[in-house]
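In: requesting a structural model of the entry that follows:
(one chain, ligands or ions: 2)
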Amino acid sequence: MELTRLRGFQDLIGPSAETFTFIEDCARRCVERHCFREIRIPLVERIELYDRSTGETSDIVQKQMYKIERPPESDATGAMVLRPEGTPGVVRAYIEAGLDRREPEQRFFYSGPMLRYERPQKGRYRQFHQFGVEVFGRSDALCDAELLVMIEEFRRELGIRLTFQINSIGDALCRPGFREAVLNFGLKHRDELCEDCKQRLTRNPLRLLDCKIDAALVESAPRSIDYLCPGCRAHFDKVKDLLGAAGVEFVENPRLVRGLDYYTRTTFEVISADVGAQSTVIAGGRYDGLIEALGGAPVPGIGFAMGVERLALALETAGRAPKFEVDAAIISIGDAAARKAITVARAMRERGLRVEMLSPERRPKALLGRAAKIGARFAVIIGENEIQKGVVVLRDLRASSQAELPEAQVAETVLAARAG
Ligand code: ATP
Ligand code: MG
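Out: Ligands and ions are numbered 1, 2, ... in the order given. Okay, here's the model as predicted:
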């Protein structure tokens, strides 16, 4: 076949799509309990948005953006890109709607595809899906802790195991000292660094700390928590205390950093042991300088994004992926039976049951095979005989038993079996 999908892009067919929807639905219910409101933003933004938020020195901006060749005629400003992440667009929309000045305290969630030109591998694709949240206008530690509590609720509902890692990277007051310490460390070990990190040293030394190649060396690098100012230390202590009060288990990971200046204080990652090398399923943190950096009011913010593909892998490994359960297959033999079948099916679906009507063109024997194949719990069988008697046959395909009953009792009986 010539017209195959592109490398790094996935088709989600049936069960894999349903696992995605299951995760997204679960996340939506969870964030709605925490009073987050939905935001939907475009797939395409101006390239400058990411230069100024994601950061010119980040891998995303340097190597991973999909640029669109043709700008719309009416809009002559530079290039456009397919969004590589959600936060910049959400912040832009928030400022553009004037909320940063009018009603700065907001909590939003978004969900949808993101695009990055990456080297595809398990858990890493060129189109992937994020479900993310952003809280604007809150700088308190309770807000940070509550986001992690919310993730813990979500984790429980999915029924998977995850590890929470947290760190604090300081703020405008104390980060410069830390940055200098990392720079000096890097300069001292310059010869041992990978080529990328040699570059990073001049542009953005903090990025050294999350280098995957120099991980061993980084073990002995300075730690941000040793450089926190009293304000940042108190904030971090409060977050940890609140997580303790909420019974959320976590580990401190001094290697968690964000390279850019507007990321502040709390950063966290949530790790799964069940998804292979790309084990970070959720990443987030505080970004008290971002809204201002994008031209808005000086409003603090914090958020996280979950990778749906990686969560789906975790769910599948844990055997927690949802199963599509068909309640009944309806088999009709003859035209009069088909007319009855259509009303029986409708009554069952009105009660929320999943019902597939099978083709009357198949042979009766093949029909039971089809019912088994789609995994139906019951078959409802209607033939000449049943029409005469004013009943239908309800066959329990699991127990291989069957009974005749009046049409009006079918839905109730199937519902009762499903509940029990
Ligand atoms: P990584 O270090 O794995 O490249 P990242 O720091 O680029 O991750 P973020 O930008 O913080 O990731 O995105 C948040 C989450 O989105 C990640 O934790 C991950 O679950 C998911 N994610 C990011 N990039 C991809 C990708 N290419 N394919 C699948 N999921 C991804
Ligand atoms: Mg990445």
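
In: buried stuff in stretch 129-144?
Out: For stretch 129-144, burial by neighbour count (16 or more other C-beta atoms under 10 Å) applies to 129-139, 141, 143-144. Using the backbone N, CA and C atoms, a C-beta is placed for each residue, glycine as well.

In: now flag whichever of these is closest to ligand 1.
Out: Minimum distance to ligand 1 across these is 5.3 Å, recorded for Q130 (C-beta to the nearest ligand atom).

In: just the strands in the stretch 51-200 of the chain please.
Out: 66-68, 80-82, 106-115, 127-136, 163-168 (DSSP state E, counting those that start in this stretch).

In: what's the average pLDDT for the third one?
Out: To tie it back to what came earlier, the one meant is strand 106-115. If you average the pLDDT over strand 106-115, you get 98.

In: stretch 251-262 too?
Out: Here the average pLDDT along stretch 251-262 is 83.

In: and for stretch 310-322?
Out: Mean pLDDT, stretch 310-322: 96.

In: in the stretch 1-150 of the chain, which residue sits closest to ligand 1?
Out: For the stretch 1-150 of the chain, C-beta to the nearest ligand atom, closest residue to ligand 1: F128, 3.4 Å.

In: run a quick neighbour tally on that residue.
Out: Neighbour count of F128, defined by other C-beta atoms under 10 Å: 20.

In: so who does the residue lying closest to it once chain neighbours are set aside touch?
Out: Distances taken as C-beta to C-beta, 6 or more residues apart in numbering put E309 closest to F128, at 5.1 Å, once the chain neighbours are dropped. Residues in contact with E309 (C-beta atoms under 8 Å, 6 or more residues apart in numbering) are 10, 123, 125, 128-129.

In: same thing with E325?
Out: E325 neighbours (C-beta under 8 Å, 6+ apart): 354, 375, 377.

In: only the buried subset of the residues you listed, as a ChimeraX command please.
Out: ChimeraX command restricting these to the buried ones, with burial defined by 16+ other C-beta under 10 Å:
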select :354,377
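
In: what sits up against the helix or strand hosting R370?
Out: For R370, the host element (DSSP states H and E) is helix 364-373. Residues outside helix 364-373 that contact it (C-beta under 8 Å, 6+ apart) are 329, 331, 333, 358, 362, 379, 383, 397.

In: name the residues of stretch 212-231 that are buried.
Out: With burial defined by 16+ other C-beta under 10 Å, the residues of stretch 212-231 counted as buried are 214, 217-218, 221-225, 227-228.

In: try stretch 374-384
Out: Residues 376-383 are the ones in stretch 374-384 that count as buried (16+ other C-beta under 10 Å).
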